[in-house]
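Undergrad: I would like to see how this sequence folds:
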Amino acid sequence: MSKKVGILVGSLRKDSFTKFIAKEAAKLFPGGIDIEFVEIGHLPFYNQDFEDPATAPESHTAFRQQIEGLDGFIFATPEYNRSYTPALKNALDIASRPYGFSKWNGKPYAVLSVSPGAIGGFGANHHLRQVLMFLNMNPVQQPEAYIGNVTELIDDKGKLNSKTVTFLQTVVDALVAKL
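TA: Alright, predicted model coming up:
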């Protein structure tokens, strides 16, 4: 039976480094694992008035169904002001509601934080993990993935260096082991 892994990218920027790293990680999954990039930029802000299916925007309902159909996740995020992005927080909130019916519950995940800075989005990574723990998700504890100095990891032809690819493979393998 095939497993499905969703990749949520917190950066909405067209040419984001985070999206680039997420796409590189997606290439590393073995056969039998289907990869689905989950779009989050179109989602209206979470509002408790939308928890009732009768009042929920269609985009929220479709998103919740999409998340429910996935077996595991990679959350890829840049760091904004020592935290993860509002778009990613909004997506997490939408699929966690209504309370008691979270679509994230029990599912495995890995976090990739990406930054041009030296500490690789450490703050974003840990803030995101805190929320994912509350959502009762199953984390890849090791390796922790802080992709710092990202601009120095990509050559002038747009290719990611082999050391980083090897590291991303360890993250992917750890997630696959939890599926």
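
Undergrad: mind pulling the model confidence for the most centrally placed residue in the chain?
TA: Nearest to the mean C-alpha position of the chain, counting by C-alpha atoms, centre = their mean, stands residue 75 at 1.4 Å. On pLDDT, residue 75 comes in at 98.

Undergrad: residue 40 reaches residue 86, doesn't it?
TA: No: between residue 40 and residue 86 there is no contact under C-beta atoms under 8 Å: 10.2 Å. Where C-beta positions appear, they are placed from N, C-alpha and C, glycine not excepted.

Undergrad: how about the helices in the chain?
TA: Counting by DSSP state H, one finds helices in the chain at the ranges 17-26, 58-68, 86-95, 122-134, 162-178.

Undergrad: distance between the last one and the chain's centre?
TA: Using C-alpha atoms, centre = their mean, to the nearest Å, the distance from the centre of helix 162-178 to the centre of the chain it belongs to is 15 Å.

Undergrad: give the buried residues for that helix.
TA: Of all the residues in helix 162-178, those buried under the rule 16 or more other C-beta atoms under 10 Å are 164, 167-168, 171-172, 174-176.

Undergrad: same thing with the second one?
TA: By neighbour count with 16+ other C-beta under 10 Å, helix 58-68 contains the buried residues 60, 63-64, 66-67.

Undergrad: over to the fourth one?
TA: Residues of helix 122-134 classed as buried: 122-129, 131-132 (neighbour count, 16+ other C-beta under 10 Å).

Undergrad: and those residues, which is closest to residue 34?
TA: residue 132 (21.8 Å; C-beta to C-beta).

Undergrad: that closest one touches residue 109, doesn't it?
TA: Yes: at 6.1 Å, residue 132 counts as touching residue 109 under the criterion of C-beta under 8 Å.

Undergrad: the closest residue to residue 86 other than its chain neighbours: how many residues sit nearby?
TA: Nearest residue to residue 86, sequence neighbours excluded (C-beta to C-beta, 6 or more residues apart in numbering): residue 80, at 7.7 Å. The number of residues packed near residue 80 is 16, by other C-beta atoms under 10 Å.

Undergrad: ok, now residue 160?
TA: Close neighbours of residue 160, defined as other C-beta under 10 Å, add up to 19.

Undergrad: bridged to it, which residues?
TA: residue 154 (DSSP bridges).

Undergrad: from what I can see it touches residue 154, true?
TA: Yes: taking contacts as C-beta under 8 Å, residue 160 lies within contact range of residue 154: 5.8 Å.

Undergrad: much appreciated, bye for now.
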